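> I'd like to go over a predicted model; first the sequence, then the structure.
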Amino acid sequence: MAYQPRLIATVVAGLAGLIVSAPEARAASLSVNPTQIRLSPRAPSSLLTLKNEGTASTRVQITVHAWAQRLDGEMDLKPTTDIVFFPSMLTLDPGQARTIRIGTTAAFAATEQSYRIFIEELPSPTTGGPEASAVRMYTRLGIPIFLEPRDAKSQPRLGAVSLNGGTLSFQLENTGTMHFVPDAVVVKGYGGRGEAAFDRKLTSWYVLAGSARRFTVAFDSPDCSRLRSLVIEATVGDAVIKEQLAAPRGTCRP
């Protein structure tokens, strides 16, 4: 398994330990390597390395969840015993690195199975002194874990396309056996003479195997009144899939 660049957690996911008189905000910096884990029958276990890049000791807790996906892209997380790991809690001194061993008890199936392992910084016991008057922001990182399917294949397609009341809705669907991450999802609009009237790149993320991600685009009145056709374009690796639809007069009306 090829290692990916380390993820430096300079953006924190939560704010805890707020003290009213705090003169400053302080956060530990954790690096994680790799940033994605793939397990397979040939490599059913892996190592995840954590390093404290900050200047203070930090305690971290590790948990894991089965990961499914809702249409709006939000994660649907559930407890699982499919993934085993050790240790579940550790302390890192400044500059110290530790490894977490990760494996699975699940059988490898025809469709890729997905999980998230979370590394969460915990509050340190209050010791008084200058640090006691600081606002501390705690890091929470989620690393994907995938169990490789027997026949790995992603199959992106566009579906459930509709245009109503000046709002475009469509889904980017994955009918394959493994996840993909779109390189780009773009909506373009054209006027009656074929002139460009609208061009927007949408934020995209993982689309898990057997899942779909729904997108909506609302057009404001000036753009909507000019539109006569729309093109949805999704790029996934070497594949470019397109869907074109007409936007006749009256599209802007509910």
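Sure thing, it's come through. Numbers count the residues shown, from 1 in each chain.
> Can you pull the domain assignment for the protein?
Split into domains by automatic domain parsing, the chain comes to 7-147, 156-246.
> for the ones you listed, which one sits closest to Cys252?
Cys252 lies closest, by C-beta to C-beta, to one member of the domains of the chain: domain 156-246, at 3.9 Å. C-beta: built from backbone N, CA, C; applies to glycine.
> Give the rounded mean pLDDT of that closest one.
Mean pLDDT, computed over domain 156-246, is 93.
> One more: stretch 30-41?
For stretch 30-41, the mean pLDDT works out to 95.
> In contact with Val207, which residues are there?
By C-beta atoms under 8 Å, 6 or more residues apart in numbering, the contact set of Val207 is 69, 156, 172-174, 179-182, 213.
> Report the buried members of those.
Those of those that meet the buried threshold are 69, 156, 172-174, 179-180, 182, 213, by 16 or more other C-beta atoms under 10 Å.
> Closest one of those to Phe146?
Proximity of the buried ones among the contacts of Val207 to Phe146 (C-beta to C-beta) peaks at His179, which lies at 6.8 Å.
> what's the closest non-adjacent residue to the closest one?
Leaving out its chain neighbours, the residue that sits closest to His179 by C-beta to C-beta, 6 or more residues apart in numbering is Leu208, at 4.8 Å.
> now that neighbour: how far from Leu39?
16 Å (C-beta to C-beta, to the nearest Å).
> count of residues packed around the residue nearest to Asp151 when sequence neighbours are not counted?
Spatially, and ignoring its direct neighbours in sequence, Asp151 is nearest to Thr177 (5.9 Å; C-beta to C-beta, 6+ apart). Neighbours of Thr177 under the rule other C-beta atoms under 10 Å: 19.
> thought Thr177 was touching Ala209?
Yes - using C-beta atoms under 8 Å, Thr177 is in contact with Ala209, at 5.4 Å.
> intersection of neighbour lists for those two?
Joint contacts of Thr177 and Ala209 (C-beta under 8 Å, 6+ apart) are 111-112, 149, 154.
> Which one of those sits in the busiest neighbourhood?
Most surrounded of the shared contacts of Thr177 and Ala209: other C-beta under 10 Å gives Glu112, at 23 neighbours.
> Let me see the contact set for that residue.
Glu112 touches 146-149, 152, 177-179, 208-209, counting by C-beta under 8 Å, 6+ apart.
> Gln96 and Glu53 touch, don't they?
No - Gln96 lies out of contact with Glu53 (C-beta under 8 Å); the separation is 10.1 Å.
> quick one: which of these two has more around it?
The neighbour comparison of Gln96 against Glu53 (other C-beta under 10 Å) goes to Glu53, with 16 against 13.
> From Val60, how far off is that one?
From Glu53 to Val60 the distance is 13 Å (C-beta to C-beta).
> which residues do those two both contact?
Leu30.
> Determine the longest strand present in the protein.
strand 58-69 (DSSP state E).
> For it, enumerate the helices and strands it packs against.
Here strand 58-69 touches strand 75-79, strand 83-86, strand 89-92, strand 113-122, going by 3 or more C-beta pairs under 8 Å, 6 or more residues apart in numbering; DSSP states H and E.
> how distant is the longest one from the center of its chain?
Read that as strand 113-122. Centre-to-centre, strand 113-122 and its host chain are 12 Å apart (C-alpha atoms, centre = their mean, to the nearest Å).
> same check, this time on stretch 109-124
Centroid separation for stretch 109-124 versus its chain: 12 Å, with C-alpha atoms, centre = their mean.
> No more questions from me, cheers.
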